[in-house]
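Chemist: Here is a sequence with its predicted model. Questions after.
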Amino acid sequence: MVRSLFKTFYNLIFIIVVSLGIFILNPNLSTADTSPTSPYQQQEHPSPDGIGKYYMGREIARFMGYTGAGWLERPKRETQEKPNEVIGLLNLKPNNVVADIGAGTGYFTFRIASLVPQGKVLAVDIQTQMLEIIGYIKQDLNITNVEPVLAIPNNPNLPEESIDLALMVDAYHEFEYPQEMMKGIIKALKPGGRVVLVEYRGENPFIPIQRLHKMTQKQVTQEMQTVGLVWRGTEEVLPSQHYMVFEKPQIKSDVKS
């Protein structure tokens, strides 16, 4: 088992190094929409950890690229973020379809997969390099109910009313087009489906995370309500993060694209 995990980690590093060269030759860049009807505002000088684009008064954080994959898999994450507690709070059913939005290396994807044996986990990410990592782990561990999904910055590329739960762990604050992404996620949710966001507490200045990579509960709630989600509760059981639950109304939503 140890030898297998070592081999998997070694190959992941190889994929990251190769993918870095691909990214340099073909960067995936996007331009902010700053038209008069846009919900976004663009500032000329961004913060060190931001992109200079504002949504509902919040500067959007610069996203972490695939070269940070090792940080996502750091051993201390077990104690720092309590992933097993996060997953336990999801109250999953064996046939649930879960979308792990901003899946990264699949840190949560593969932990959830075994809990939904009659369902599946859609590992959604905008970086092909991250999905390559997930695809490799899926094959190496022979996991059959994980499906990588390539999103774009303003669309999760999920079928309508296909998922029971959308999970976003330390991801939402980096969405370049948060309103469009959330509308796409809501369309993909079944009526009564849930959205769970886990974000470092922006209210606490002593949490050693860059400012824009934290969010307050008030800010998250405002942004989710703007797209039609209903707040169902917040659990403050994690060391440094909010665990926030929202729900798509049972009546079919008329969310416009």
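Modeler: Looks like it came in fine.
Chemist: remind me, longest strand of this protein?
Modeler: Assignment by DSSP state E gives strand 189-201 as the longest strand of the chain.
Chemist: need the contact list for the nearest residue to Gln43 once chain neighbours are set aside.
Modeler: Once flanking residues are discounted, Gln43 sits nearest to Gly52: 4.5 Å by Cβ to Cβ, 6 or more residues apart in numbering. C-betas here are computed from N, CA, C, even on glycine. Going by Cβ atoms under 8 Å, 6 or more residues apart in numbering, Gly52 touches 42-46, 59.
Chemist: just Val196 next, same as before
Modeler: Val196 sits in contact with 89-90, 165-168, 243-246, where contact means Cβ under 8 Å, 6+ apart.
Chemist: Please repeat the previous calculation with a cut-off of 6 Å.
Modeler: By Cβ atoms under 6 Å, 6 or more residues apart in numbering, Val196 lies in contact with 167, 245.
Chemist: now swap in the one 5 residues further on and tell me
Modeler: By Cβ under 6 Å, 6+ apart, the contact list for Arg201 reads 207, 242.
Chemist: Enumerate the positions of the helix or strand where Ile137 lies that are buried.
Modeler: Using DSSP states H and E, the element containing Ile137 is helix 128-141. Neighbour-count burial for helix 128-141 flags 128-138 (criterion: 16 or more other Cβ atoms under 10 Å).
Chemist: how about low-confidence regions in the stretch 1-150 of the chain?
Modeler: Applying pLDDT under 70 to the stretch 1-150 of the chain picks out residues 1-34.
Chemist: Which pair of the contacts of Gly52 spans the longest distance?
Modeler: Largest separation among the contacts of Gly52 by Cβ to Cβ: Glu44 and Glu59, giving 12.7 Å.
Chemist: neighbour-wise, which of those two wins?
Modeler: Neighbour count, other Cβ atoms under 10 Å: between Glu44 and Glu59, Glu59 has more, with 19 against 5.
Chemist: wait, doesn't that one sit right on Ile51?
Modeler: No. Using Cβ atoms under 6 Å, Glu59 makes no contact with Ile51, being 7.5 Å away.
Chemist: How many neighbouring residues does Val98 have?
Modeler: Using other Cβ under 10 Å, Val98 has 26 other residues around it.
Chemist: That one sits in which helix or strand?
Modeler: strand 97-101.
Chemist: Show residues contacting that strand.
Modeler: For strand 97-101, the surrounding residues in contact (Cβ under 6 Å, 6+ apart) are 108-109, 112, 119-124, 163-168.
Chemist: Next: stretch 155-164.
Modeler: 96-97, 99, 124, 149, 151, 184-185, 187-190, 193.
Chemist: got it, and stretch 228-239?
Modeler: Identification of contacts with stretch 228-239 by Cβ under 6 Å, 6+ apart yields 82, 89, 195, 217, 221, 242-247, 253, 255.
Chemist: May I ask which of those has the most neighbours?
Modeler: With neighbours taken as other Cβ under 10 Å, the top of the contacts of stretch 228-239 is Val195, carrying 27 neighbours.
Chemist: ok, that one touching Phe246?
Modeler: Yes. The pair Val195 and Phe246 qualifies as a contact (Cβ under 6 Å) at a distance of 4.4 Å.
Chemist: quick revisit: what inclination does the helix or strand just after the helix holding Ile137 have with respect to helix 128-141?
Modeler: Later in the chain than helix 128-141, the nearest helix or strand by DSSP H and E is strand 146-150. Here strand 146-150 runs at an angle of 170 degrees relative to helix 128-141 (axes from the mean of the first three to the mean of the last three Cα atoms, to 10 degrees).
Chemist: For strand 146-150, which strands pair with it and how are they oriented?
Modeler: strand 120-125 (parallel) (DSSP bridges).
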